[in-house]
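*Asks:* Everything below, folded, please.
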Amino acid sequence: MAQYLVVIKLRANQFVGNIPLQLCNLPHLTILDLAENKLSGSIPHGLFNITPPDSVEVLPNEILKIFMKGREFDYRSFSRLLYSTGGVIDFSANSLSGEIPEELISNGQIQSLNLSRNYLTGKIPKEIGGMKVESLDLSYNKLSGEIPLTISNLSFLGYLNLSYNNFVGQIPLGTQIQTFDSWSFVGNSELCGDPLPNKCSKEEETHDSKLAEGDEDDGFLKSLYRGMGVGFAAGFWGACGSLFLIRAWRYKFFRWYDHLADQLYVAWALFFKSFS
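*Replies:* Numbering: from 1, shown residues only. Here you go, the predicted structure:
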């Protein structure tokens, strides 16, 4: 019957050791709360590939308390929580280490992910852009590197906390990211850009930003040269076409051309005669 488990809430106990690999074999697991324990080791790969169950038995007066978006919520309708939202993972306030598994950070079924107050290392996987997460807390870890540009794709994000890590470089630009306060990024001494008060210098711009700017400049120059070429061709053939199609213009042109040739010939002859 364990394979039909939908909710596991073991918050604020004294559990030690690693997160059991058997949790990867629970296809209907939707809410997993192991926060405020003494768990260690790495986060298992292959965790949380959820498939909502066909039906859920819930006691009529049961209230489910879920901690996300920085505070605790009481859900009286458990079925609506399962089917109208995604899953919830809370591993905060443990002693977990290692890197964040790519398949976890890219899971499109997760609504809330809290891995704060651990000892996680490495970079945020760029696959984070594929999530539909509404609440993301990775604060108080040892994560490093640049914040991936793909984080700007999190259009559903309502709560973000990346504070007190070792992130560097510029905070990615995006309508959603810049709506958060600076406290979402504080405690990263080498991080710069809005909404932090310390601005990025040109030397601190990310490589991707430089490439985007270079591509924009190249596109502008190509459009400019293309327009100049089209304009020259149109003007040239417009003038030539007029000479060929309008007889009076053609006659005046050749008269002017013969007169100019005669003047040049006379000037050339007088010039050589002056040296003879």
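
*Asks:* all contacts plus neighbour counts: C-alpha atoms, from now on.
*Replies:* Noted.

*Asks:* Tell me, how many residues neighbour Ser163?
*Replies:* Neighbour count for Ser163, taken as other C-alpha atoms under 10 Å: 20.

*Asks:* Look up how far Lys38 lies from Gly108.
*Replies:* Distance of Gly108 to Lys38, given as C-alpha to C-alpha, to the nearest Å: 28 Å.

*Asks:* who does Ser95 bridge with?
*Replies:* Counting by DSSP bridges, Ser95 is bridged to Ser40.

*Asks:* I'd like the C-alpha coordinates of stretch 153-168 written as PDB, please.
*Replies:* Taking C-alpha atoms only, stretch 153-168 is exported to PDB below (Å, rounded to 0.1, in the frame of the first residue of the first chain):
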ATOM      1  CA  ASN A 153      11.500  31.800 -17.900                       C
ATOM      2  CA  LEU A 154       9.800  31.100 -14.500                       C
ATOM      3  CA  SER A 155       6.600  33.100 -15.300                       C
ATOM      4  CA  PHE A 156       4.600  31.600 -12.400                       C
ATOM      5  CA  LEU A 157       7.200  32.500  -9.800                       C
ATOM      6  CA  GLY A 158       5.600  34.400  -6.800                       C
ATOM      7  CA  TYR A 159       8.300  33.800  -4.200                       C
ATOM      8  CA  LEU A 160      12.100  33.600  -4.700                       C
ATOM      9  CA  ASN A 161      14.900  33.400  -2.200                       C
ATOM     10  CA  LEU A 162      18.500  32.900  -3.400                       C
ATOM     11  CA  SER A 163      20.200  34.700  -0.500                       C
ATOM     12  CA  TYR A 164      23.300  33.800   1.300                       C
ATOM     13  CA  ASN A 165      25.100  31.600  -1.200                       C
ATOM     14  CA  ASN A 166      28.200  32.200  -3.300                       C
ATOM     15  CA  PHE A 167      26.600  33.300  -6.600                       C
ATOM     16  CA  VAL A 168      28.600  35.600  -8.900                       C
END
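
*Asks:* So for it, mean pLDDT?
*Replies:* Here stretch 153-168 scores 93 as its mean pLDDT.

*Asks:* do the same with stretch 171-188
*Replies:* Taken as a whole, stretch 171-188 has an average pLDDT of 89.
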